[in-house]
Every structure is written in structure tokens, then in C-alpha cells.
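> kindly generate the corresponding structure for this input.
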Amino acid sequence: MTDAPTPSTAPARIGIVTVSDRASRGEYEDRGGPAIHQYFSEVLTSPWDAVPRLVPDDRDRIAAALIELADAEGCCLIVTTGGTGPAPRDVTPEATLDVAEKPMPGFGELMRAVSLRKVPTAILSRQSAVIRGRSLIINLPGQPRAIAECLDAVMPAVPYCVDLIGGPRLETDPDRIAAFRPRK
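Just a heads-up that it's a prediction; the model follows:
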């Protein structure tokens, strides 16, 4: 007989939300969601389970997916990809703010600053991050290369943020990303 997982031993649940009209209709291969999954597979050393979602660029459907992942699925971290640009259908940041309890503007500021070193159009991206209950929600761009760049920038702070909101302890491979936690 095996013991049921306790909150301290259960794998962390991480929501991965791809926002794309074409991918949700099967017209386009989702590359963003798999890129996020691959990133966490390389960086996290603590056990975790992916909880993927693929939704169209629809504000209400994005918000509903975020609420479900945070409130029903118990994801401590939810990462979205896509829908962060200035186009009329790009509504991921608005949907994220719709479900937010606390905005976390530093995440978006840092991601844009890092992206600006690579491409001048990074100022068009509207990445954001918020807290909902015990979930940290981070919006990322849709390009796999940009996903890794942005996550590399903010990941050192993510485990401590999840600690502070009462989530499970996320451990990272220090050779890949050194997570910051204050010394006690």
C-alpha cells in the first residue's frame, strides 16, 4: 500500500495555456505550450505535473481557463503563451487582469527589458503577471525562443513568489537557473 501524496510531497501543478485561434481550431501546430513544458522539464528538479489548455483568443474563454486552473485544478503557477501583442484579438493580458487579485508588474517590466536586448519590437509586447489565490499567473509571448528568454529572466524569482503565496516548494537546477530565496 502506498501513501497518498500530501501537499508537501504531491507534485506541483503547473498550468500551461496556449492562446491561439488557429491552434485551437487545429489549423496551426501549438509550439508555445510544448516550449513551456520543455523549459520546465529542463529547469525544475522538484516533481511537477503539467495541466495544459489550448484556448482561442477570446477574453472570456481565457479568463475561464485561468480560473479553472487556479481554483479547481490547484495550479501554483500558470503560464500563458500568445495573445500579448497589440492586435485586436490579442486579449490575454486583459483576461489575466480580469481574474487577478494582485498585479505583479515587475514580471512584465523585466521580460520586456530582456526582450528589448534582442528585438526592438519587444515594446509591443504586453506581458504581465498576477496573483490569484495561491496561483502566480505569467503571460509570455508566443514565440518559443522568446518564451525561454522571458522565463530565464523571471524564473529566479518564481519559486520564492510561489512560496510567499502558499504554494508548493519549487526547486530549480542551480546550473540552469538559480532560484533566489532569502537566507534565514
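> look up the closest residue to residue 94, ignoring the ones flanking it.
residue 59 (5.7 Å; Cβ to Cβ, 6 or more residues apart in numbering). Just so you know, the C-beta spots here come from the backbone N, C-alpha and C atoms, and that holds for glycine as well.
> pLDDT at that neighbour, what is it?
At residue 59, the predicted lDDT confidence score is 98.
> surely it is in contact with residue 93?
No. Contact criterion Cβ atoms under 8 Å: residue 59 and residue 93 do not qualify, at 10.0 Å.
> this structure: strands as residue ranges?
Taking DSSP state E, the strands of the chain run over residues 12-19, 48-55, 77-81, 102-103, 129-132, 135-140.
> the fifth one packs against which elements?
This means strand 129-132. helix 92-98, strand 102-103, helix 105-116, strand 135-140 (3 or more Cβ pairs under 8 Å, 6 or more residues apart in numbering; DSSP states H and E).
> partners of it, with directions?
Within its sheet, strand 129-132 is paired with strand 102-103 (antiparallel), strand 135-140 (antiparallel), according to DSSP bridges.
> could you count how many residues lie near the residue nearest to residue 94?
16 (other Cβ atoms under 10 Å).
> just want the most central residue of this protein.
residue 79 (1.6 Å; Cα atoms, centre = their mean).
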